[in-house]
Every structure is written in structure tokens, then in C-alpha cells.
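J.: Got a predicted structure here, sequence first:
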Amino acid sequence: MSILEYNGGCVLAMAGKGCVAIASDLRLGSQAQTIAFDKSKVFKLNDQCFIGLPGLLSDSQTFVDKLKFRTALYKLKEGREMQPSVLSHVTANMLYQKRFGPYFIEPVIAGLDENGDPFISAMDLIGAPVFAKDFVLAGTSSESLYGMSESLWREGLEPEDLFEVISQALLSAFDRDAVSGWGAVVHIITQDEIITRKLKARQD
Amino acid sequence: TEDNMEALRQRNYGPAQYSAPNKHLIEHQFSPYVNNGGTTLAIAGNDFVVVAGDTRVSFGYAIHTRENNKLCELTDKCIIATAGMQADQVTLHKLLRTRMVQYKQEHGKEMSTTAIAQMLSNTLYYRRFFPYYTFNVLAGLDSNGKGCVFSYDAIGSFERYNYASSGTGQKLVQPLLDNQIALKNQQVERLEDLTEEEVVTLVKDTFTSAGERDIYTGDHVEIAIINKEGVRYELFDLRQD
């Protein structure tokens, strides 16, 4: 049993036309025992940046607090909001600082930059980043998510279609994972608005 | 110097150096099993069944061959597809072929798909304490001409399904089949049954996706379609990387 699998959970982010979507399941468990079904792994840092932190919940919560501190300080110093590409580099740097005693999280970042272009990235627990054009994901159902996303994603999805694609990919993928599931939440981020929806899922 | 280098090598790469009380008795462990990778899947239709398997055989990061058959035609109505260790796959297929001939001679007729399904389970369990490292999917037409698919674990636990997959790409493929064939998590209903062409297209798309993200899946896909006319084969190309 790996520490990254202790609490369970998964996050998926996809890029569309002028929009991004990021979604996670809602389960919190202690190995086989389910403790809560309202724990989203996606956190909003500002209107442009969302970060998903699957893995050990304790590290997720600690790390997001550190990130909130860093983004607030950035805003004070720079006088502008932190862009998602910057957040990605900052996160990677913070993770590598703990190279020999890492945070057990695998961040997934999604947002729109100041020009409205979609940005998604992910990294491993020691900060090796990946910048993708299509989708990024992490969590205990990662292989299932790869299979679903690779098949369902296509270029140029509008926000409503992107919502359908990301929802189907996430739902079908975590239904095959015992430690993920118990509901899901999806955020669709466009220039004008952020729409958050809860998905109806099997409660097992 | 040479001696220093040798000592360094021994210290860094030797197996039980850290815990061995003396450096003369070193425990080596021979593993009889290896995973040669690959993915298989089968989908049952109303009066047909489609079975497919990729043709790559891997050994770690190396490729042994791009031209291997995972499918074995047992009768004109039944095909077995096996992923896992290639050595056990060929042995198992050889054994089953032999049993087909024996059955035909004893009973004067071909073995039915459901009978083969049970026999495969028994054959695998026979080796309960030194299993075949095989993950099997059996597919065929039952005695009513309806498509059926059986999925097995390494020691013979099996169940009949409408669709199944196994191998290194199973985790990538299975949720897609749940979503597209059983229409799970979708509020739509299927008005007409899937046709052969639709299923074959789905199989090709599924393997293309699996080939993108699973390093052990690729090269070609051997697809077999069984219906009342017999068995028809197609070979579909995948990425070679």
C-alpha cells in the first residue's frame, strides 16, 4: 500500500476552446473505510487558477494553505493576480524543495491566462511538470482516466461539451476504482464565468 | 584499480550484501514468471461476438516481437484471447487445442462455448499452486447463437459478461467499455442493438487509445469477428513506439 493511495481520490483537467475544466471525486477514506463524501480535491486560488491536489489529504490541505499564502503575497508584491503558468512553476519549485521528504500529492493545475488562453499542467510529487494541450490527471484511478480521456477528448470543445466529456471520463473511470468515487464536482472556467456542478454518481 | 572497482561493484549492486552475515552465501531468487504485456478485449453482440488482442510481446522495455497471436480459434464458434506471460499462453492454447480434438473424438461433436468456458476454468484451477500466468477472455456463440464473453483470473475464477478486457491495458479499456457499451453514467438508452461494424469501430478506437498511453500495447491489433457464417479476421495497425 502506497501513501498516495491511503486516502484515495482522483483529479482530471481538460482544455477546451477558450475554456478549461477541472474535476475531482468527493471521497475521503482511510484505506477501506470511507470517512466523508464531501471532500473535493480542487481548490480555487484566484479567478484564473484552480489546483487539484489528490494524494494524502493532510499534505493536500497543508500545501494549499501554503499556496494561498504565496498567491496572496504575489498579489501584494506584483499588484496582479498570479497566472496559472506561474503557479505551475511555483508549485514545482515548492515540491522540489522537499525532494528527500516530499509532500505526497500530485498537483493538477488548470486555468485561463490573462489572454484567455487555456492552461493545464500536472506534476509528480517532487515537482516534475508536464504541460499538455489536451488533458492532465492524477490520482488512484489514473490509468482508467487515461483510457477514458484519450478516447473521449477532442480538440475545440465548447464549455458545455467539455463539461459532458470531462464528466463522463471521470465518472466511468472512478467507478472502476474502489477508493475513489462517492460523487464528483466539476468546475468549468471561461472568461466570463466559473460554473461549478455536482455530478450524480454511484455511492459506493 | 581493478580490485577496488570490483569491490565497489559488489558493494553497490550485490543482492543480499547488506543483511548477509557472511559474503559467501548470497540468496538468488529465480522467478518463473514474467509479464510480456499486451491487451485483449471481447464484446458480445446479439448474434455475433468480436474478440481482439494486440500483437506485441514485450520484455521489460524491450520488444520481443511485433507479430504475435494472442487469439486462438478453438472451434468455429469460439475463440480464446490470452494476455500475460507468453510462455504460459502458448502452452495453455496448445493444451486446449488438444482437449478440443479429444472431445470431438469422444463425443462426436464440437465442444459448445459454455462447455469450453467451464473446462478452461477447471484447467486453470488444476494449476492452483503453480498457476498459468494468463489472463484469459473467452468469446463465442452459445448454443442459441447469441454472443457470449467469459473473463477469467489466473486461477480460473470466471463469469459471463457482455464485454470484457484483460492485460496491461485493461485499466484503460474497461471503463470505456462500461461507458460505451453498457452506457453507464449516461441517461440515454440504446434503441437498436449494436451492429458488427459499430463494435469493430469501437474496438479499433479503444485499442488506439490504449496504445497511446500503455507502453506494452501497440504494433497491430488482431480482430476476429464470429457470427453464424463463421470467423472473419482483420488486422489493424497501431503505433509502433
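T.: That came through fine.

J.: and B:Met111, how many residues sit next to it?
T.: 21 (other C-beta atoms under 10 Å in any protein chain shown). No exception for glycine: its C-beta is placed from N, CA and C like everyone else's.

J.: and it, helix, strand or coil?
T.: Classification of B:Met111 using DSSP: H, G, I helix; E, B strand; the rest coil returns coil.

J.: which residues sit in contact with it?
T.: Each residue near B:Met111 by C-beta atoms under 8 Å, 6 or more residues apart in numbering or on different chains is listed here: B:Leu74, B:Thr75, B:Cys78, B:Arg99, B:Met100, B:Tyr103, B:Lys104, B:Met119.

J.: Hmm, the third one is touching B:Val137, no?
T.: Pointing back at B:Cys78 there. No: using C-beta atoms under 8 Å, B:Cys78 makes no contact with B:Val137, being 11.6 Å away.

J.: my read: B:Ala164 touches B:Ser151, true?
T.: Yes: with contact defined as C-beta under 8 Å, B:Ala164 counts as touching B:Ser151 (3.7 Å).

J.: so what's in contact with the two at the same time?
T.: With C-beta under 8 Å, 6+ apart as the test, B:Ala164 and B:Ser151 both reach B:Val137.

J.: Between those two, tell me which one has more neighbours.
T.: Per other C-beta under 10 Å, whichever of B:Ala164 and B:Ser151 has more neighbours is B:Ala164, with 27 against 23.

J.: That one looks like it's in a strand, true?
T.: Yes: assigned with three-state DSSP, B:Ala164 falls within a strand.

J.: how close does it get to B:Val137?
T.: Here B:Ala164 is placed at a distance of 5 Å from B:Val137 (C-beta to C-beta, to the nearest Å).

J.: Then A:Val20?
T.: 38 Å.

J.: likewise B:Gln89?
T.: Taking C-beta to C-beta, one finds B:Gln89 at 12 Å from B:Val137.

J.: B:Asn144 is in contact with B:Asp114, correct?
T.: Just so we're on the same page, residue B:114 is Thr rather than Asp. No: assessed by C-beta under 8 Å, B:Thr114 is found out of contact with B:Asn144, at 10.3 Å.

J.: residue in chain B nearest to chain A?
T.: Residue nearest to chain A within chain B: B:Leu172 (2.8 Å; C-beta to the nearest C-beta).

J.: Quick check: mean pLDDT of the helix or strand harbouring A:Ala13?
T.: Secondary structure from DSSP states H and E places A:Ala13 in strand A:10-15. Here strand A:10-15 scores 98 as its mean pLDDT.

J.: Parallel or antiparallel, list what pairs with that strand.
T.: Here strand A:10-15 has these sheet partners by DSSP bridges: strand A:19-25 (antiparallel), strand A:135-139 (antiparallel).

J.: In chain A, which residue is most central in space?
T.: A:Gly52 (2.7 Å; C-alpha atoms, centre = their mean).

J.: distance of that residue from chain B?
T.: 19 Å (C-beta to the nearest C-beta, to the nearest Å).

J.: so that residue sits right up against A:Ala110, yeah?
T.: Yes: the criterion here is C-beta under 8 Å, and A:Gly52 meets it with A:Ala110 at 7.5 Å.

J.: What is the neighbour count of residue 53?
T.: All of this is about chain A. A:Leu53 has 28 nearby residues by other C-beta under 10 Å.

J.: think we crossed wires, I meant chain B
T.: Around B:Gly53 there are 32 residues (other C-beta under 10 Å).

J.: average pLDDT for the helix or strand containing it?
T.: Counting by DSSP H and E, the element that carries B:Gly53 is strand B:48-54. Averaging pLDDT along strand B:48-54 gives 98.

J.: contacting residues around the closest residue in space to B:Asn36 that isn't next to it in sequence?
T.: Sequence neighbours aside, B:Gln86 is the residue nearest to B:Asn36 in space, at 4.4 Å (criterion: C-beta to C-beta, 6 or more residues apart in numbering or on different chains). The contact partners of B:Gln86, by C-beta under 8 Å, 6+ apart, come to B:Asn36, B:Val57, B:His64, B:Asn68.

J.: Highest neighbour count among those?
T.: B:Asn36 (25 neighbours).

J.: report the longest helix in chain A, please.
T.: Using DSSP state H to define each element, chain A has its longest helix at helix A:57-78.

J.: C-terminal to it, what's the next element?
T.: helix A:84-97.

J.: Can you give the strand pairings for the following helix or strand past that next one, parallel or anti for each?
T.: For helix A:84-97, the following helix or strand on the C-terminal side (DSSP H and E) is strand A:108-112. If you go by DSSP bridges, strand A:108-112 pairs up with strand A:49-52 (antiparallel), strand A:118-123 (antiparallel).

J.: Show me how far the shortest one is from its chain's centre.
T.: On the basis of C-alpha atoms, centre = their mean, to the nearest Å, strand A:49-52 sits 6 Å off its chain's mean C-alpha point.

J.: Quick one: mean pLDDT for that strand?
T.: Mean pLDDT, computed over strand A:49-52, is 97.
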